[in-house]
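Visitor: Provided below are the primary sequence and the corresponding predicted coordinates.
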Amino acid sequence: MYAVIGLGNPGKEYANTRHNIGFDAVELLAQRNNIPINKIKFKSVYGEGRIGNEKVFLVKPQTYMNNSGISVLDLYNYYKIPIENIIVIVDDIDIEFGTIRIKSKGSAGTHNGLKSIIYHLQRDNFPRVKVGIGKPVNQNHDLADFVLGRFNGDDRKVIEVALEKTCEAVETIIKDNVNTAMNIFNAKSKQAQE
């Protein structure tokens, strides 16, 4: 049993913003695997279905980013999903734009959604798939404004490709394991940067 948690903020005003890349990835995963996201519980909207041979929950917490951990803890307590089977998809300003990076565990860095999940679970040994959303070009640009902004046309095309890779990475974690996914997708990210 796996849970895939896409981080974002609920509400139309946040749709398709950089910070909602996790929601976008979960929606695409749902399409690719014919899993309707049509249930409301655990302070989330979610769907359940199968990826490969595994039962999977696709989850979009509705608590706002900074409280994502409340939703994840509710789901974890109810289903007793192993921590290492909770996969979190998150935006990242510190990796190359349009690349993805998989980590099997680790600190939250500067990401408030990850901080909330680690705080509530009291553990950090869950895999996360990070999507590079770029950085403000202007140093004076407010970071909150930047992550809550939308991608322009060309950037959106790059992000669409990154979202496909994100889904492939999550599917690989579920069907194979996180180490296989890291070997495949982190290597591709490095090649893209060279």
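Guide: Happy to help now that I have it.

Visitor: Okay, now the unreliable bits of the chain?
Guide: 188-194 (pLDDT under 70).

Visitor: mind checking the longest helix of it?
Guide: The longest helix of the chain (DSSP state H) is helix 153-175.

Visitor: and for it, what are the contacting residues?
Guide: 2, 4, 21, 24-25, 28-29, 32-33, 51-54, 56, 87, 89, 97-100, 102, 127, 129, 131-134, 150-151, 180-181, 184-185, 188 (CB atoms under 8 Å, 6 or more residues apart in numbering). Glycine gets a C-beta too; all of them are placed from N, C-alpha and C.

Visitor: Quick check, central residue of this structure?
Guide: Closest residue to the average C-alpha location of the chain: Ile89 at 1.1 Å, with CA atoms, centre = their mean.

Visitor: ok, it touching Val129?
Guide: Yes: with contact defined as CB atoms under 8 Å, Ile89 counts as touching Val129 (5.0 Å).

Visitor: Between those two, which contacts overlap?
Guide: 25, 166, 170.

Visitor: just the buried members of the residues you listed?
Guide: Applying 16 or more other CB atoms under 10 Å to the shared contacts of Ile89 and Val129, the neighbour count classes 25, 166, 170 as buried.

Visitor: what's downstream of the longest helix of the chain, the next helix or strand?
Guide: Later in the chain than helix 153-175, the nearest helix or strand by DSSP states H and E is helix 178-181.

Visitor: Mind listing what's buried along that following helix?
Guide: Neighbour-count burial for helix 178-181 [16+ other CB under 10 Å]: 178, 181.

Visitor: For that helix, name the packing helices and strands.
Guide: helix 153-175 (3 or more CB pairs under 8 Å, 6 or more residues apart in numbering; DSSP states H and E).

Visitor: again, 10 Å this time
Guide: strand 100-103, strand 128-132, helix 153-175 (3 or more CB pairs under 10 Å, 6 or more residues apart in numbering; DSSP states H and E).

Visitor: how far does it sit from the chain's center?
Guide: 16 Å (CA atoms, centre = their mean, to the nearest Å).

Visitor: How about stretch 45-57?
Guide: On CA atoms, centre = their mean, the centre of stretch 45-57 falls 15 Å from that of its chain.

Visitor: Using PDB, write down the CA coordinates of it.
Guide: Only the C-alpha atoms of stretch 45-57 are listed here, as PDB (Å, rounded to 0.1, in the frame of the first residue of the first chain):
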ATOM      1  CA  VAL A  45      -9.400  15.200  -1.700                       C
ATOM      2  CA  TYR A  46      -8.100  11.800  -2.800                       C
ATOM      3  CA  GLY A  47      -8.600   8.800  -5.000                       C
ATOM      4  CA  GLU A  48      -7.700   5.100  -4.500                       C
ATOM      5  CA  GLY A  49      -6.800   2.600  -7.200                       C
ATOM      6  CA  ARG A  50      -3.800   0.500  -8.300                       C
ATOM      7  CA  ILE A  51      -0.400   1.200  -9.800                       C
ATOM      8  CA  GLY A  52       1.200  -2.000 -10.800                       C
ATOM      9  CA  ASN A  53       0.300  -4.600  -8.200                       C
ATOM     10  CA  GLU A  54       0.000  -2.000  -5.400                       C
ATOM     11  CA  LYS A  55      -3.000  -0.300  -3.800                       C
ATOM     12  CA  VAL A  56      -2.400   3.400  -4.000                       C
ATOM     13  CA  PHE A  57      -3.900   6.600  -2.600                       C
END
